[in-house]
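Student: Sequence plus predicted model, see below.
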Amino acid sequence: MVSQEELARLFKGWEKSGSASNMFIEGDVLYSYGTHFPLLIRTKQGKIIQNADFYSVSTRCQQNKTSYVADFMIPFSSMGFINAYNVNEVKNLEIVLSSNETWEIKGYTRLDEEDQREYISVVKWESLSGAERNKYTAQEERRPETLVLTVNNVDFYLQSQDDEQFYCIQLPQKPDAISHAYDMIKPDFIQEYPETPYIRQGEWFFIDITDHMTLKKTTVYNSLERDFVLPKREPNSNNHTATRGIGWNQLVLSRSNMPQHLSKHINRGTPIVSGQIRHVEHRKLSLSTTKNKRFFVALENNAVHSWSAIGDVD
């Protein structure tokens, strides 16, 4: 019997059968212990995808030993658009685009003279003088290995990771590049006005509107609901909960308080939030404090559907 590492090498060489300790090949699949857990799958393109879901400590050891033959690693549990543990469906996956891990600057921030946090866009920062630029710190966002997948060349899916959470998003259309895929799921307002500074948690983008309000901050803050849950596109998804928030139609403000280019993107249900945003799969996001009250329009991304997983199927 060959070693587990050697069996993985044989699988990469298109072997259709064979076995090692607690691993075996059947056709285009290398299994861990049994057919309940496909470890490596060879697609019709000849690409090898490793299942990155966590099942057990012993299976994790096998994943470590065989990862060197994989072209890509994906938690199968995050691919909600297929039955990912039906190997025939996974084998039909086509990888349209891919990128390695990168870091992107999404904006700049500083504390102003009153010790309040200020955010500006990359475009705004680039327009500043050298001395002014030095007052700001870059906000970097990690973009891990990213794939665009399809099974029918009609629907396209962005597969990647955000914080510790793996996700898969159905895109509105086929992208030309990975950067295009990320751009097309941004809210329409941010696509139209890319210089707008924003803060993001998962699918939600937050834009500071405090300086456009004519009412006293305390009046607005007291009109907001406690522990406000942002609307959910997917009914079974986890909540994004704001310290305070309310739907635009319930707030004692009107669109006339907003810049015209933003007001046309606000509808009756658009959330206005303040404080912190909590979500079990993301780091807590602090937008403002009770001492320094700020108010944000919350705009959801343009994903058609989305799925997420922490990669644990034990």
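Tutor: Done, it's in. Only a predicted model underlies this, so the values are computations on that prediction, with no experimental measurement involved. Numbers count the residues shown, from 1 in each chain.
Student: CA atoms for contacts and neighbours, from now on please.
Tutor: Noted.
Student: Could you pull out the helices in the protein for me?
Tutor: With helices called from DSSP state H, the chain shows them at 4-12, 57-66, 87-91, 122-126, 130-133, 178-184, 188-192, 217-222, 260-263.
Student: any idea how far residue 135 is from residue 104?
Tutor: 19 Å (CA to CA, to the nearest Å).
Student: in stretch 45-59, what's buried?
Tutor: Within stretch 45-59, the residues that count as buried by 16 or more other CA atoms under 10 Å are 47-54, 59.
Student: for stretch 160-177, same thing?
Tutor: By neighbour count with 16+ other CA under 10 Å, stretch 160-177 contains the buried residues 160-162, 165-172, 174-175.
Student: Can you measure across that stretch, start residue to end residue?
Tutor: Stretch 160-177: ends 14 Å apart by CA to CA.
Student: for it, what is the average pLDDT?
Tutor: Stretch 160-177 shows an average pLDDT of 87 in the prediction.
Student: show me the residues around residue 73 that make contact.
Tutor: By CA atoms under 8 Å, 6 or more residues apart in numbering, the residues touching residue 73 are 49-52, 67.
Student: ok, now with 7 Å
Tutor: 49-52 (CA atoms under 7 Å, 6 or more residues apart in numbering).
Student: list the contacts for residue 12?
Tutor: With contact taken as CA under 7 Å, 6+ apart, residue 12 is in contact with residue 69.
Student: Provide a list of residue ranges in the stretch 201-314 of the chain with pLDDT below threshold.
Tutor: Within the stretch 201-314 of the chain, the stretches with pLDDT under 70 are 249-259, 310-314.
Student: In this structure, which strand is the longest?
Tutor: Across the chain, the longest stretch assigned as strand under DSSP state E is strand 102-111.
Student: Quick one: list the elements packing against that one.
Tutor: Contact partners of strand 102-111 among helices and strands, from 3 or more CA pairs under 7 Å, 6 or more residues apart in numbering; DSSP states H and E: strand 117-120, helix 122-126, strand 137-143.
Student: re the thing from before, and the buried residues of stretch 45-59 as TSV, adding distance to residue 226 and pLDDT?
Tutor: Converted to TSV, the buried residues of stretch 45-59 look like this (distance: CA to CA, whole Å; pLDDT from 0 to 100):
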residue	distance to residue 226	pLDDT
47	49	89
48	48	92
49	45	89
50	43	90
51	41	89
52	38	84
53	36	85
54	37	81
59	44	89
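Student: Please produce CSV containing those residues, extended by distance to residue 285.
Tutor: Conversion of those to CSV gives the following (distance: CA to CA, whole Å):
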residue, distance to residue 285
47, 38
48, 37
49, 33
50, 32
51, 31
52, 28
53, 27
54, 27
59, 34
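Student: For burial, what's the neighbour tally of residue 71?
Tutor: Neighbourhood size, residue 71 [other CA atoms under 10 Å]: 12.
Student: Using TSV, lay out the helices of the chain together with distance to residue 31.
Tutor: Formatted as TSV, the helices of the chain follow (distance: least, CA to CA, whole Å):
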stretch	distance to residue 31
helix 4-12	10
helix 57-66	10
helix 87-91	11
helix 122-126	47
helix 130-133	54
helix 178-184	31
helix 188-192	44
helix 217-222	56
helix 260-263	52
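Student: Of those helices, which stretch is the most buried?
Tutor: Highest mean neighbour count of the helices of the chain: helix 4-12, a mean of 20 (counted as mean count of other CA atoms under 10 Å).
Student: hang on, the earlier thing: flag whichever of the helices of the chain has the least confidence on average.
Tutor: The bottom spot among the helices of the chain, by mean pLDDT, belongs to helix 260-263, with a mean of 74.
Student: tell me how far that one is from the chain's mean position?
Tutor: With CA atoms, centre = their mean, to the nearest Å as the basis, helix 260-263 stands 26 Å off its chain's centre.
Student: got it, and stretch 53-68?
Tutor: 24 Å.
Student: repeat for stretch 10-26
Tutor: That offset, for stretch 10-26, works out to 34 Å (CA atoms, centre = their mean).
Student: Only the C-alpha atoms, please, for it, written as CSV.
Tutor: Extracted in CSV, the C-alpha atoms of stretch 10-26 (Å, rounded to 0.1, in the frame of the first residue of the first chain):
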residue,chain,number,x,y,z
LEU,A,10,-1.0,9.5,-8.3
PHE,A,11,-4.4,11.2,-8.2
LYS,A,12,-2.9,14.3,-9.7
GLY,A,13,-1.4,12.1,-12.4
TRP,A,14,-5.0,11.0,-13.4
GLU,A,15,-5.1,7.7,-11.6
LYS,A,16,-8.7,6.5,-11.3
SER,A,17,-8.3,3.9,-8.5
GLY,A,18,-6.0,3.1,-5.6
SER,A,19,-5.8,3.3,-1.8
ALA,A,20,-3.7,4.3,1.1
SER,A,21,-4.3,4.2,4.8
ASN,A,22,-7.9,5.5,5.3
MET,A,23,-7.9,7.1,1.8
PHE,A,24,-9.0,5.8,-1.6
ILE,A,25,-9.6,6.9,-5.2
GLU,A,26,-12.8,6.2,-7.1
